[in-house]
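>>> sequence first, then the predicted structure, then my questions.
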Amino acid sequence: MNIYQKLGLKRVVNASGKMTILGVSSVAAEVMQATAEAAASFVEIDALVDRVGELISQHTGAEDSYVTSCASAGIAIAVAAAVTRGEPDLVARLPDSQGLANQILMLRGHNIDYGAPITTAIRLGGGKVVEAGQSNLSYRWQLEKAIGPETAALLYVKSHHCVQKGMVALKDFVEIARSHHLPLIVDAAAEEDLRAYVAAGASMVIYSGAKALDAPTSGFITGQRQWVRHCKAQHDGIARAMKIGKENMVGLVMAMDRYKTHHPDWTQQLPELKAVAQKISNIPGFQADIEQDEAGRAIYRIRVKAEQAQLGLNAVQVEELLRTGEVAIYTRHYFLHQGVFSFDPRALKNDDFALIVARLQEISQSSGARHAAN
């Protein structure tokens with residue numbers, strides 16, 4: 001029985017991935033030990049923020065970094081940095097940016113909802129969204145033509161939520177931003193490569209600490225010194241409402257150190273995934289195979305198709321039964337309308353897969369699929 005069950009809550013099996021609605025990640029014991037030690041002592045916060053920024057930059061190769069409460073806060077703060085350029089009077093005005101160059105240019109296919117609209121975070125930072133291209137196709141010239149005197153920054157979003165085809169490449173964003181002397185913000189919240197976007201020439205790159213890094217709730221902006229300095233200036237403005245505690249700053253640093261030596265190789269999970277997929281395919285009403293992450297990361301999942309004709313239930317109904325059972329089993333459910341859902345193994349532990357297979361067997365049996373198959 002875990003701590004949440006002791007509080008009267010359900011046991012949750014997280015087969016959906018690093019999801020905010022489930023608490024994102026499971027934090028390692030040694031990271032939490034450092035977090036507890038930090039929580040029990042006092043420190044000069046400004047000095048800690050600067051030092052943590054230096055330590056983060058050792059992992060990202062950036063000139064400087066700024067720690068935030070989460071990646072969403074990082075978007076708002078980076079936008080605020082672009083709009084205010086760190087000027088104290090403008091920092092104090094936000095999110096009111098009337099009369100300022102406040103347009104944030106992004107691709108329509110990158111205008112996503114990750115649990116909240118990305119546009120909300122942009123507006124919190126005083127930004128006004130300007131889209132280029134269409135949802136499924138965009139061209140470099142469209143991005144360039146959309147730049148005007150009110151443009152404050154370009155925003156490139158790297159996420160599985162984005163449209164993955166027909167989008168203008170990152171290198172084009174970098175070249176356009178440089179030629180127009182504009183900052184380029186990259187939202188790389190869940191990405192595992194901490195150096196690629198800084199090395200590519202982005203001005204400010206935003207990561208979540210709690211996703212790939214398995215850190216306590218946190219995030220950071222890493223990139224060029226002048227823009228990180230403008231981000232830090234927002235602590236006297238909107239970033240005050242997004243501040244992160246001393247304990248989670250230390251937890252983030254410890255998690256990044258651990259990540260460097262425990263960088264996961266998800267391909268090692270493939271033999272187990274294939275074996276579990278075969279077990280699921282042996283259950284009447286279900287067929288399973290292996291799929292790779294939509295955004296091209298080396299992350300692999302079990303994709304399950306609910307055979308409605310045999311099962312008597314569609315994928316939406318099966319997902320609901322999994323999620324609302326005595327143990328709440330959460331799947332990756334973006335393609336339920338196509339009759340499929342997926343199991344992401346990254347957060348699974350111990351007997352979780354056995355429990356998932358057993359629950360699917362229960363659903364199959366209770367639906368009468370086994371009888372129908374005979």
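Now that the structure is in, tell me what you want to look at.

>>> give me the pLDDT for H371.
We have a pLDDT of 45 for H371.

>>> can you check A298 too?
Value for A298, per-residue pLDDT: 84.

>>> quick check: which element contains it?
Under the criterion DSSP states H and E, no helix or strand holds A298.

>>> so how many other residues sit close to it?
Counted with other C-beta atoms under 10 Å, the neighbours of A298 add up to 11. Every C-beta, even on glycine, is put in place using the N, C-alpha and C of the backbone.

>>> could you do A71 as well?
Considering only other C-beta under 10 Å, A71 is surrounded by 24 other residues.

>>> ok, now which ones touch it?
By C-beta atoms under 8 Å, 6 or more residues apart in numbering, the contact list for A71 reads 187, 189, 206-208, 211, 219.

>>> repeat that for 10 Å
20, 114, 121, 187-190, 206-211, 218-221 (C-beta atoms under 10 Å, 6 or more residues apart in numbering).

>>> local confidence estimate at it?
Taking A71 on its own, its pLDDT is 97.

>>> and the next helix or strand past the strand or helix carrying A277?
Here A277, judged by DSSP H and E, is contained in helix 270-281. Sequence-wise, the next helix or strand downstream of helix 270-281 (DSSP H and E) is strand 286-292.

>>> show the contacting residues for I77.
Contacts of I77 by C-beta under 10 Å, 6+ apart are 66, 68-69, 121, 124-125, 204, 206, 219, 221, 230-235, 237-239, 242.

>>> quick one: the strands in the stretch 1-150 of the chain?
12-14, 64-68, 103-107, 128-132 (DSSP state E, counting those that start in this stretch).

>>> could you redo those as JSON lines and give each row mean pLDDT?
Below are the strands of the stretch 1-150 of the chain laid out as JSON lines (pLDDT from 0 to 100):
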{"stretch": "strand 12-14", "mean pLDDT": "95"}
{"stretch": "strand 64-68", "mean pLDDT": "98"}
{"stretch": "strand 103-107", "mean pLDDT": "98"}
{"stretch": "strand 128-132", "mean pLDDT": "98"}
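
>>> export the ones you listed to JSON lines and tack on mean neighbour count and distance to Q292?
Putting those into JSON lines (neighbours: other C-beta atoms under 10 Å; distance: least, C-beta to C-beta, whole Å) gives the following:
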{"stretch": "strand 12-14", "mean neighbour count": "22", "distance to Q292": "20"}
{"stretch": "strand 64-68", "mean neighbour count": "27", "distance to Q292": "30"}
{"stretch": "strand 103-107", "mean neighbour count": "26", "distance to Q292": "23"}
{"stretch": "strand 128-132", "mean neighbour count": "19", "distance to Q292": "29"}
